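In: Whatever this is, show me its structure:
(chains A and B)
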Amino acid sequence: RKEVEQDPGPFNVPEGATVAFNCTYSNSASQSFFWYRQDCRKEPKLLMSVYSSGNEDGRFTAQLNRASQYISLLIRDSKLSDSATYLCVVNRAGGYQKVTFGTGTKLQVIP
Amino acid sequence: DAGVIQSPRHEVTEMGQEVTLRCKPISGHDYLFWYRQTMMRGLELLIYFNNNVPIDDSGMPEDRFSAKMPNASFSTLKIQPSEPRDSAVYFCASSLQVNSPLHFGNGTRLTVT
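Out: Residues are numbered from 1 along each chain as shown, chains lettered A, B, ... in the order given. Take a look at the predicted model:
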């Protein structure tokens, strides 16, 4: 089983729609979680951290479910500019740090 | 503030040649990571450093790859000899401390012919 798994998509949604992505992780010792956005031929950029209590940044909401070992990202009122690949990141620190990226979920927002 | 700086942005080389990729992390960041990204495999961690010391190099494909961090503001990833299957985008990233988010450079797009 992969350490971090995401549905690759693509998710094709109309402008204004709400879309949600999930990401599952296998190691219960994982400690910190993030969502990144990557545009075509660009570097990944931090979208938001994911906190245990859930957190919101404008149209974006991130949640963590430790019991079921997944994180989620909800995008409300999708914009054309939201079209990108969304990567989840799981960080496990202990003897040494292990940062694992999911393979990404591609989102295409359609006019 | 300057972000992570990588050079070169693009590198085209012939099989068998030595390739050196360079990275300057964000000042004050204790961790530096080298990743490789391909369509087939996504983002793969090659190696990471903590306070200039290599901690985990289990992702380095083989002996042809080596990485150094001689000081807190500079790191190199070297491939010698290069092969066509090394063609990928190589990203350098740094983070402030353990469990902090990573900040990526623009990447080096390597093509080995």
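
In: Thought B:Val112 was touching B:Arg64, still the case?
Out: No: if you go by C-beta atoms under 8 Å, B:Arg64 and B:Val112 don't touch, sitting 11.2 Å apart. All C-beta spots, glycine's among them, are computed from the backbone N, C-alpha and C.

In: Identify the contacts common to those two.
Out: Counting by C-beta atoms under 8 Å, 6 or more residues apart in numbering or on different chains, the shared contacts of B:Arg64 and B:Val112 are B:Ser82, B:Glu83, B:Asp86.

In: List phi and psi for the last one.
Out: Main-chain torsions, B:Asp86, degrees, to the nearest 10: phi -80, psi -10.

In: With A:Asp82 instead?
Out: Main-chain torsions, A:Asp82, degrees, to the nearest 10: phi -80, psi -10.

In: Next one: the residue sitting nearest the centre point of chain B relative to B:Phe65, how far apart?
Out: Most central residue of chain B, judged by C-alpha distance to the mean C-alpha position with C-alpha atoms, centre = their mean, is B:Trp34 at 3.3 Å. Look at B:Trp34 and B:Phe65: by C-beta to C-beta, to the nearest Å, they are 9 Å apart.

In: what do these two both touch?
Out: Any residue near both B:Trp34 and B:Phe65 by C-beta under 8 Å, 6+ apart counts here, and that gives B:Leu46, B:Leu77.

In: about what we covered before: if you count surrounding residues, which of B:Arg64 and B:Val112 has more?
Out: Taking B:Arg64 and B:Val112 together and counting by other C-beta atoms under 10 Å in any protein chain shown, B:Val112 has the greater number of neighbours (20 against 15).

In: interface residues of chain A facing chain B?
Out: A:31-32, A:34, A:42-46, A:49, A:87, A:89, A:91, A:93, A:96-104 (C-beta under 8 Å from any C-beta of the partner chain).
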